[in-house]
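In: Would you be able to build a 3D model of this:
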Amino acid sequence: MKASRQVYGSTTAEVADAARGMLDRVAAVAPEQVAAERRAFDMLCGAYFSDPERALAPAGKGGGGPLRFGMPGAQEMLTPVFLAAASAVGTYLGDRAAGASRGLLRRMFASSSAETAVEEGARDSGAAAEADQTAGLTPEQWREVRRIVEHTLTERGGMPQHRARLLAAAVVGEGLTGEAQR
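Out: Predicted structure coming up:
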């Protein structure tokens, strides 16, 4: 049961579902962190949606709380950053994607294609083709989605560029962008 569907409005539920799909897709590259965050996903969503700016603020600047764990400098949670990324992708799609329909954001990162992507290391073009048929985005639009995710991970999540690039590739996959594997 996804509590986010019952607690939040349709827009926030779509963002939460997309973020959950993003989290599922990075399980191949961050399995332990994803496993821990899956258990707390609904709580993290609640904290994020109640105050997104505070949830993403660096510790010591009014941020932290339930969205950070461990000692200072320890690993930050992926869920709140994926929520911000999903929101930014939703804005991009609403503004630019021709024929963007309600539910597109949810379908882009749906669990069924996410499970396939995880099984294939999040880079298989077969899994990418399945998601592409579902979402109907062009390779150029998928590249922009990947850029948005990577940018959000670095700028809002404070993640090093190399890790953000790896996680963004796991979220979107290389096959969707029409680019060769790196």
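
In: what's the neighbour count on His151?
Out: Number of residues near His151 (other Cβ atoms under 10 Å) recorded here: 15. Every residue, glycine included, has its C-beta placed from N, CA and C.

In: Below-threshold pLDDT in the protein: ranges please.
Out: Under the criterion pLDDT under 70, the flagged ranges of the chain are 1-10, 58-75, 95-102, 111-135, 174-182.

In: Show me where it has its helices.
Out: Per DSSP state H, the chain carries helices over the ranges 3-7, 10-25, 31-39, 41-50, 52-56, 79-96, 104-108, 111-119, 125-135, 139-155, 161-172, 174-177.

In: Phi and psi next, for Gly157.
Out: Gly157 has phi and psi values of phi -100, psi -10 when expressed as degrees, to the nearest 10.

In: so it sits right up against Thr79, yeah?
Out: No - taking Cβ atoms under 8 Å as the contact criterion, Gly157 and Thr79 are not neighbours in contact, 10.4 Å apart.

In: Compare those two and say which is more crowded by neighbours.
Out: Thr79 (27 against 21).

In: Let me see the contact set for that one.
Out: With contact taken as Cβ atoms under 8 Å, 6 or more residues apart in numbering, Thr79 is in contact with 19, 23, 37, 40-41, 44-45, 48, 67.
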